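Trainee: Sharing a sequence plus its predicted fold:
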Amino acid sequence: MSRPRVEPLPGMIGEHPAMLEVYDLVRRAAPTELSVVIVGETGTGKELVARAIHELSANRNGPFVDINCAALPENLVESELFGWERGSFTGAHRSSCGLLDAADGGTLFLDEACSLPKAVQAKLLRAIERREHRRVGGRSVMRSRFRLVIALQRPLMELVRTEAYLSAFAHRIDGVAVSLPILANRGTDIRRLAECFLAETRSTNGGELRWSDEALRQLERESWPGNVRELRALIARIPLHALGDIVSVQDVLTSLAGRRRLAPSLADVAEVVAMSGGNVSRAARALGMPRSTLRQRLSASTL
C-alpha cells in the first residue's frame, strides 16, 4: 500500500524523504497541546516550522510571539519573557508586560535557546505547568496560557547531559521532537529551492533568468554550511553576476566568491579553476583574488 502524499508545510519547499517525515510529524503534532522542540542547524528553517505549528494548531487565531534568545544578554532574557515591575532594576521607570503575557492564547517561540539561563528555565517550568508567573520584582500572579515551541541547534538531552538544561525543565518540554536535515543532505530539494528562489528574483527584478543544468549541479555539489538561508542569499546575488538569460556555472562561482574569499582552500581553488576551463583570469575573478595571487597558489600546490 502506497503512502499518502504529504503536502509541504506553509512556506516550506522540498520533497526529500526526511522533509516529508517533518511535514507529517508537524501536521500530526500541531493540533495537540504538546510542547515542541525543533532541532536543526542554523538556516534549516526552524522558524518556518514553528510558524507552521502555530498556523495548524487550535491557537492559530491567537498571537505568535517569538524571541531570539541568543540575541539578548543573559540578564535581559528573564525580564523580556516575564515582564517587570517599576523599580525592580535600574532603568525600570514603569511596569511592563512580558512576552508570556503577550503570548496568552497563542504560541510562544523561543529561538536559539541553547543558552537559556537555568533561572529562566525554572520559572518557565512553573509557567507551563501552572499557567501562571510573576513579573521580575513583582508579587502578583499573572496568568497566561500558551503553546511553547523551542528551537535548538543541539539535541535536548545533550543539553541535559552537559548540564546546560535542568532535567526537570527538559523532560517537561520534551513533548514532540522535530529534527531538520541539513541542506546538503536533501538531494534534489536543492534544485527545487533554487528554482523557487530564482523565480523570486525574477518577480523583483523583472528578468528572465533561467538555470542551466550545469549550474544546478554545481549548487548540489556545495556543502552549504548556512543551509537554506545561505542558498537564498546566494541566489539573490545571481542577477548581479549573470551575463545572459541562462545562469551558468561561472555565474554561480562568481556569486560564491564572497564565501570562498574568506578562506579559499586548495580544493576550492582547484575546483574553481577546473570549472573555469583552466582559464586563470576567470577563476581569479570567481575567487575574488588577484590573478597573480592565484598563480602563486597554483605554483605552490605543485611543489
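Mentor: Now that the structure is in, tell me what you want to look at. Numbers count the residues shown, from 1 in each chain.
Trainee: most centrally placed residue in the chain?
Mentor: Gly43 (3.0 Å; Cα atoms, centre = their mean).
Trainee: separation between Gly14 and Arg27?
Mentor: Distance from Gly14 to Arg27, counting by Cβ to Cβ, to the nearest Å: 15 Å. (Glycine included, C-beta is placed from N, CA and C.)
Trainee: nope, Pro155 is what I meant
Mentor: Pro155 is 22 Å from Arg27, by Cβ to Cβ.
Trainee: residues near Leu243, how many?
Mentor: Look at Leu243: counted by other Cβ atoms under 10 Å, it has 10 neighbours.
Trainee: dump the residue contacts of the residue nearest to the centre of the chain.
Mentor: Gly43 makes contact with 183, 226-230 under the criterion Cβ atoms under 8 Å, 6 or more residues apart in numbering.
Trainee: just those residues now: which is nearest Arg191?
Mentor: Nearest to Arg191 out of those is Leu183 (Cβ to Cβ; 11.6 Å).
Trainee: Test my guess that that closest one contacts Arg232.
Mentor: No. Using Cβ atoms under 8 Å, Leu183 makes no contact with Arg232, being 10.4 Å away.
Trainee: any common contacting residues for those two?
Mentor: In contact with both Leu183 and Arg232: Leu193, using Cβ under 8 Å, 6+ apart.
Trainee: These two: who's more crowded?
Mentor: Taking neighbours as other Cβ under 10 Å, Leu183 and Arg232 compare with Leu183 leading, 27 against 16.
Trainee: how close does the more buried one sit to Gly226?
Mentor: Counting by Cβ to Cβ, the separation of Leu183 from Gly226 is 8 Å.
Trainee: Same question for Val141.
Mentor: Noted for Val141: a distance of 43 Å to Gly226, by Cβ to Cβ.
Trainee: Who has more neighbours out of the two?
Mentor: Between Val141 and Gly226, Gly226 has the larger neighbour count (other Cβ under 10 Å), namely 17 against 10.
Trainee: so who does that one touch?
Mentor: Residues in contact with Gly226 (Cβ under 8 Å, 6+ apart) are 42-43, 233.
Trainee: Then Leu231?
Mentor: Contacts of Leu231 by Cβ under 8 Å, 6+ apart are 183, 190, 193-194, 197, 219, 224.
Trainee: What number of residues are in the vicinity of Ser167?
Mentor: When neighbours are counted by other Cβ under 10 Å, Ser167 registers 12.
Trainee: tell me how far the helix or strand containing Glu129 is from the chain's mean position?
Mentor: Using DSSP states H and E, Glu129 sits in helix 118-130. Distance, stretch centre to chain centre, for helix 118-130: 25 Å (Cα atoms, centre = their mean, to the nearest Å).
Trainee: And stretch 212-222, by the same measure?
Mentor: In terms of Cα atoms, centre = their mean, the gap separating the centre of stretch 212-222 from the centre of its chain is 23 Å.
Trainee: Contacts for it, please.
Mentor: Where contact means Cβ under 8 Å, 6+ apart, the residues beyond stretch 212-222 that reach it are 184, 187-188, 190-191, 194, 231, 246-249, 251-253, 256, 275.
Trainee: Show me what counts as buried in that stretch.
Mentor: By 16 or more other Cβ atoms under 10 Å, the buried positions in stretch 212-222 come out as 212, 215-216, 218-220, 222.
Trainee: next one: stretch 7-24
Mentor: For stretch 7-24, by 16+ other Cβ under 10 Å, it's 9, 12-14, 16, 19-20, 22-23.
Trainee: Identify those among those that sit within strands.
Mentor: Per DSSP state E, strands hold no members of the buried residues of stretch 7-24.
Trainee: all helices for this structure, in order.
Mentor: According to DSSP state H, the chain carries its helices in the segments 17-29, 46-55, 74-82, 99-102, 118-130, 156-161, 167-173, 189-205, 213-221, 227-241, 249-262, 266-275, 280-287, 291-301.
Trainee: how is this protein carved up into domains?
Mentor: Split into domains by automatic domain parsing, the chain comes to 17-181, 184-301.
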